[in-house]
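Participant: predicted model and sequence follow; I will ask about them next.
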Amino acid sequence: MSLSHSRLSLRLALAFGVVLLVTSAAAAIGVWRLAGLRGIADDLGGASAARALLAQELHAIVVLSSARAEALLVADEPGFVARVEADRKATSARSTEVRKRLDALATDAESQRLFGAIDAAGNAFRGVRDDLVRRRKAGEAIAPGAIATGLRPAARSYEDAVNALAAHQRGRVAATRAAADDSARQGIALLLAGSLLGR
């Protein structure tokens, strides 16, 4: 009887050890998956969100800058021109700040390429705008055709470049969210499998 009790005790101890091992493995997998989700959540709430918001703000700045430039080119009232010029300079300063922050957050190759396109289109827009504004200040009447064929296309190119970056950032956010969903599903499946094996 003593030998049979010792065999039973050994079997119970082994079974308990297996259950403990499976439960520990399931807990370790759960912790691992949660740590992965935390990284994804940090990215979604941090850099990804900042890039998306900054791209959206830069788009608004581009649209506003284009409208202000047109106003400067056709306005004759000195007080209005001075006010628009002051607003344009403040917006320009904010644009520089936003572009610097976006540049710092553009960590992947595609974001860097798109940011380079934004810089090129922005420089072209600013070149056309500044030339037309300088000519207007010098007393030259700016023909509507110069606005339609010079300023507006440059502004549209700038907007398109910013929109391309914004679309890329939205895609990155969507991909990160999909990765979070996949990670959560995998973690749940592994935890359930570990729980069922531990029974």
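Facilitator: Yep, it's here. Remember, it's a predicted structure, so these values are computed and weren't measured experimentally.

Participant: alpha carbons only for contacts and neighbour counts from here, please
Facilitator: OK.

Participant: mind listing the strands for this protein?
Facilitator: Counting by DSSP state E, one finds no strands in the chain.

Participant: longest helix anywhere in it?
Facilitator: The residue-count maximum for a helix in the chain (DSSP state H) belongs to helix 152-197.

Participant: which other helices and strands contact that helix?
Facilitator: In terms of contacts (3 or more Cα pairs under 8 Å, 6 or more residues apart in numbering; DSSP states H and E), helix 152-197 is packed against helix 2-45, helix 47-74, helix 109-137.

Participant: what's the local residue count around Phe125?
Facilitator: 25 (other Cα atoms under 10 Å).

Participant: got a list of what it touches?
Facilitator: Phe125 is in contact with 151, 154-155, 158, counting by Cα atoms under 8 Å, 6 or more residues apart in numbering.

Participant: from memory Gly122 sits against Tyr158, does it?
Facilitator: Yes. Under the criterion of Cα atoms under 8 Å, Gly122 makes contact with Tyr158 at 5.5 Å.

Participant: more neighbours: those two, which one.
Facilitator: Each of Gly122 and Tyr158 has its neighbours counted (other Cα under 10 Å); Tyr158 has more, 26 against 20.

Participant: and the more buried one, how far from Lys137?
Facilitator: Distance of Tyr158 to Lys137, given as Cα to Cα, to the nearest Å: 24 Å.

Participant: re the thing from before, for the helices and strands packed on helix 152-197, which one ends up most surrounded?
Facilitator: helix 47-74 (a mean of 19; mean count of other Cα atoms under 10 Å).

Participant: now it: how far from the chain's centre is it?
Facilitator: 16 Å (Cα atoms, centre = their mean, to the nearest Å).

Participant: same check, this time on stretch 137-145
Facilitator: For stretch 137-145 - counting by Cα atoms, centre = their mean - the centre lies 40 Å from the chain centre.

Participant: what's the span of it from first residue to last?
Facilitator: Start-to-end, stretch 137-145 (Cα to Cα) is 18 Å.

Participant: what angle do the longest helix of the chain and helix 109-137 make?
Facilitator: Relative orientation of helix 152-197 versus helix 109-137 (axes from the mean of the first three to the mean of the last three Cα atoms, to 10 degrees): 160 degrees.

Participant: quick one: helix 152-197 to helix 47-74, angle?
Facilitator: Going by the same axes, to 10 degrees, helix 152-197 makes 170 degrees with helix 47-74.

Participant: give the rounded mean pLDDT of helix 152-197.
Facilitator: In this model, helix 152-197 has a mean pLDDT of 82.

Participant: same check on stretch 34-54?
Facilitator: On average, stretch 34-54 scores 71.

Participant: re the thing from before, just how off-centre is the longest helix of the chain within its chain?
Facilitator: Distance, centroid of helix 152-197 to centroid of chain: 10 Å (Cα atoms, centre = their mean).
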